[in-house]
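*Asks:* What would the 3D arrangement of this be:
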Amino acid sequence: MTETSLVGPSLADFEGARNIVSRVAEVTPMETARFLSDILGSPVLLKCENLQRTGSYKIRGAYNRLARLSDEEKARGVVAASAGNHAQGVAFAARELGIKATIFMPVGVPQPKLAATRGYGADIVLRGTTVEEPLRAAAEFSEKTGAVLIPPFDHMDVVTGQGTLGLEMLEQVSDVDTFIVPIGGGGLISGVASVVKQRAALEGRTVRVIGVQASNAAPYPISLQNGYITAVTTLPTIADGINVSKPGVLNFAMISEFVDEVITVDDDLIARALLLLLERAKLVVEPAGAVGVAAILAGLVTDAGKTVVVLSGGNIDPMMMERVISHGLAASERYLKLRIPLPDRPGQLARTAALVAEANANVVEVLHTRHSDGMQISQVVLELHIETRGPEHAQEVLTRLRDEGYEPRVDF
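*Replies:* Next up, the predicted model:
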């Protein structure tokens, strides 16, 4: 790799950005995760950017971009569009640098993210119900007022700022073999991958960089396969922080050069990962920040050697947290929702509950109804919500019921 053939920033560029970003960004912890090491079969560490100021790595790129504006550009103010982490990063950076910031956000943005962004002093404009509408509104605002538009990922200064995370990780653990990084538009992984690959080349060693996208919003696998930027139609995902339909231009070029593999994980796996991080690592991580852990749980990463997983953010709405925990418990078969057809005669409810109790499971909710599709006139349906200790215990409960002649159906 030569300087003339290098795609994107040089190591010197990243090191220069580090001097700027260090004015505001914390050095976040690198935590050992033995519970993940046991699954992967090699050491795993967690880079906890969920503990960063503003709750995510986004402050790095936002501050680096705003700090490099000219005095004339700063006087015009800045504008951005975001449903969360980018908004908070730009608002915080603008406050620190004395720049007026206007942030366009969708109408349904979670209240904690809205309150945090407003708390950093930005003017908030709610527009539309998807991220695309605020993006268009922000671009129009920039053209009308002259405010500088701050993109979330597709800009050299933003990528260079995000890449300072790579420098920080190498300082904390120098002998990493594999980095696993979430991908939305690609700002974080393009910066991190460029840093670690350039440093490895200087040291005569190899490192592997794996990107992870949510399967319902994954433009990178198809774009890399095609060899050109390809937009996809996204579907709803709990990983809203990486719900992007199209790669960034600069990011795609850098990821094509520096990233070894991009894999996808579904919402069930993401929910399980978030729950596992909460229980075992005592870390609150937003769904988008947990996709790397989900990839390990799914067995999608192998032969990894010493591995660092980036937890990119921790900004999760409490209402979303409640839903994700419930989803994670169900995906881990620690919370079963059963529908059981029963003869409509006395004693059946008590007998069914006794069988569940004999299997040492806990019934937390019961619905007993004569009104359900597909029932015979002499039947009722019992809906049980049951807490179990995991898949083996769940199967024990189901087996106990089936051995007694019942036909439980698991609903998700």
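*Asks:* so where is this structure shaky, pLDDT-wise?
*Replies:* Applying pLDDT under 70 to the chain flags the ranges 1-5, 369-378, 412.
*Asks:* Distance check, the residue positioned nearest the centre of it against Gln172.
*Replies:* In the chain, the centroid-proximal residue (Cα atoms, centre = their mean) is Ala288; its distance is 0.8 Å. In this structure, Ala288 and Gln172 are 22 Å apart, going by Cβ to Cβ, to the nearest Å. Bear in mind the C-beta positions are built from the backbone N, C-alpha and C, glycine included.
*Asks:* repeat for Tyr63
*Replies:* In this view, Tyr63 and Gln172 are 21 Å apart by Cβ to Cβ.
*Asks:* Same drill for these two, tell me which one is more crowded.
*Replies:* Using other Cβ atoms under 10 Å as the criterion, Tyr63 and Gln172 rank with Tyr63 on top: 29 against 15.
*Asks:* contacting residues for the closest residue to that one other than its chain neighbours?
*Replies:* Take Tyr63 and drop its neighbours on the chain: the residue closest to it by Cβ to Cβ, 6 or more residues apart in numbering is Ala93, 4.1 Å away. Ala93 makes contact with Val24, Ile59, Ala62, Tyr63, Arg65, Leu66, Ala67, Ile99 under the criterion Cβ atoms under 8 Å, 6 or more residues apart in numbering.
*Asks:* could these go into a markdown table alongside secondary structure and distance to Leu202?
*Replies:* Below are the contacts of Ala93 laid out as a markdown table (DSSP: H, G, I helix; E, B strand; the rest coil; distance: Cβ to Cβ, whole Å):
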| residue | secondary structure | distance to Leu202 |
| --- | --- | --- |
| Val24 | coil | 28 |
| Ile59 | helix | 28 |
| Ala62 | helix | 29 |
| Tyr63 | helix | 27 |
| Arg65 | helix | 27 |
| Leu66 | helix | 30 |
| Ala67 | helix | 27 |
| Ile99 | coil | 36 |
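*Asks:* ok, and the most crowded of those?
*Replies:* For the contacts of Ala93, the largest number of neighbours (other Cβ under 10 Å) sits with Ala62, at 33 neighbours.
*Asks:* Tell me the spacing between the closest residue to that one other than its chain neighbours and Lys47.
*Replies:* Spatially, and ignoring its direct neighbours in sequence, Ala62 is nearest to Gly89 (3.6 Å; Cβ to Cβ, 6+ apart). Shown here: Gly89 relative to Lys47, a distance of 17 Å by Cβ to Cβ.
*Asks:* same check, this time on Pro112
*Replies:* Counting by Cβ to Cβ - Pro112 and Lys47 are separated by 23 Å.
*Asks:* host element of the residue lying closest to Lys58 once chain neighbours are set aside?
*Replies:* The shortest distance from Lys58 to any non-neighbouring residue, by Cβ to Cβ, 6+ apart, is to Gly89 (3.4 Å). Element membership of Gly89, judged by DSSP states H and E, is helix 85-97.
*Asks:* Please identify which pair of the contacts of Ala93 lies farthest apart.
*Replies:* Ile59 and Ile99 (14.4 Å; Cβ to Cβ).
*Asks:* Just the residues contacting the helix or strand just after the helix holding Gly89, thanks.
*Replies:* Later in the chain than helix 85-97, the nearest helix or strand by DSSP H and E is strand 101-105. Here strand 101-105 makes contact (Cβ under 8 Å, 6+ apart) with 77-83, 87, 90-91, 94-95, 113-114, 117, 120-127, 134-135, 137-138, 141, 147.
*Asks:* Met319 and Pro110 touch, don't they?
*Replies:* Yes. Applying Cβ atoms under 8 Å as the test, Met319 and Pro110 come out as touching, 7.4 Å apart.
*Asks:* These two - which one has more neighbours?
*Replies:* Using other Cβ under 10 Å as the criterion, Met319 and Pro110 rank with Pro110 on top: 18 against 11.
*Asks:* gap between the more buried one and Pro221?
*Replies:* Separation of Pro110 from Pro221 (Cβ to Cβ): 28 Å.
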